[in-house]
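pasting the sequence and the predicted coordinates here, then a few questions.
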Amino acid sequence: MTIQKKATIISSLVASLLICVKFIVGILSGSVAILASAIDSLLDLCISLFNLYAITKSEQPANSSFNYGKGKIESLAAVIEGSIISASGAFILYESFKKLILGSELNYLTYSVWVMVFSIIITTLLVLYLNFVAKKSNNLVIKSDALHYKTDILSNLAVLVALVMIYFTGFNELDALFGIGIGIYIIYSAWTLLKSGVLILLDRALDANIIQSIEKILNSAPINSYHDLKTRQSGETYFLEVHLVFNAEISLLEAHDIADSIEKQIKALEGSWIVITHLDPEDDEGR
């Protein structure tokens, strides 16, 4: 089992535990903030299960039907996850405004506080683990999962602060006010995730720092020039195409060896690469 799959399974188990605890205490206490957090954990579970499916599919090798593999399923998963996060944020806003207008009393505040403390500790440990896996695997799905649970930590902290303040002040409206803040923050955080997934699906070029590293390799190579440099990402794999311009008198073997050397240097950069070079005997850029 890959480390990515193991991470999604652990995420699913953590989400399941938090769902049970938060729903029970949320219903008993009547706190819209805790119930909103429980719903968010339920969405976490659905997302983690979908991520497991996405990673399993994206790791399948290329075949005659999918010549470049299924890596973009990861980006699609990120878009779906971002959409679900946005929807959960909107629901939290709705429930918070509803409670602010109608009002209600909170019960079992002590239990509610300890539940949120427990949630923060468990979720923090999970985020540290997911960040470790994301850094090691450079997997977009795991990165998005880590971001999602990171927003959970902040929302849980906000709920905890609200409950503590309600406990000491008796101002129950704080529960709804903090719920509104959590909803806005969740929707804002989802935008980054959605944008990242959509841009990869649209074959956006790689980040500028990666392009600069590639250009540095090309500029130092024994070639006349290069053009039509194109890059994109699919899952954890970086794709690069470039035309290399040589003197017309150079032998095919020598030009091929130079191209191989360039490819090896690019593949030595961080990440998994598929590099395609086209050898030109003259500069035909623009033709």
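Received it, and whenever you're ready, just let me know what you need.

correct me, but residue 14 touches residue 124?
No. Between residue 14 and residue 124 there is no contact, the gap being 11.0 Å when judged by Cβ atoms under 8 Å. In this view, the C-beta of every residue, glycine as well, is placed from N, C-alpha and C.

neighbour-wise, which of these two wins?
residue 14 (21 against 16; other Cβ atoms under 10 Å).

any buried residues in the helix or strand that contains residue 128, and which?
Per DSSP states H and E, residue 128 falls inside helix 109-137. Neighbour counts over helix 109-137 (16 or more other Cβ atoms under 10 Å) mark 109, 111-113, 115-116, 118-120, 122-124, 126-127, 129-131, 133-134, 137 as buried.

next: stretch 257-267.
Taking 16+ other Cβ under 10 Å as the criterion, stretch 257-267 shows 258, 259, 262, 263, 265, 266 as buried.

narrow these to those in helices?
258, 259, 262, 263, 265, 266 (DSSP state H).

and which of those is nearest to residue 153?
Set against residue 153, the nearest of these by Cβ to Cβ is residue 266 (37.6 Å).

follow-up on the earlier one: out of the buried residues of stretch 257-267, which comes closest to residue 22?
residue 266 (47.6 Å).

ignoring the adjacent residues along the chain, who's closest to the closest one?
Of all residues not flanking residue 266 in the chain, residue 275 sits nearest, at 5.3 Å (Cβ to Cβ, 6 or more residues apart in numbering).

helix, strand, or coil at residue 249?
Per DSSP: H, G, I helix; E, B strand; the rest coil, the secondary structure class of residue 249 is coil.

now residue 38: phi and psi?
Residue 38 has phi and psi values of phi -70, psi -40 when expressed as degrees, to the nearest 10.

give me the residue at the spatial middle of this structure.
residue 144 (1.7 Å; Cα atoms, centre = their mean).

please, which helix or strand holds it?
Residue 144 belongs to helix 140-169, assigned by DSSP H and E.

thank you kindly, that will do.
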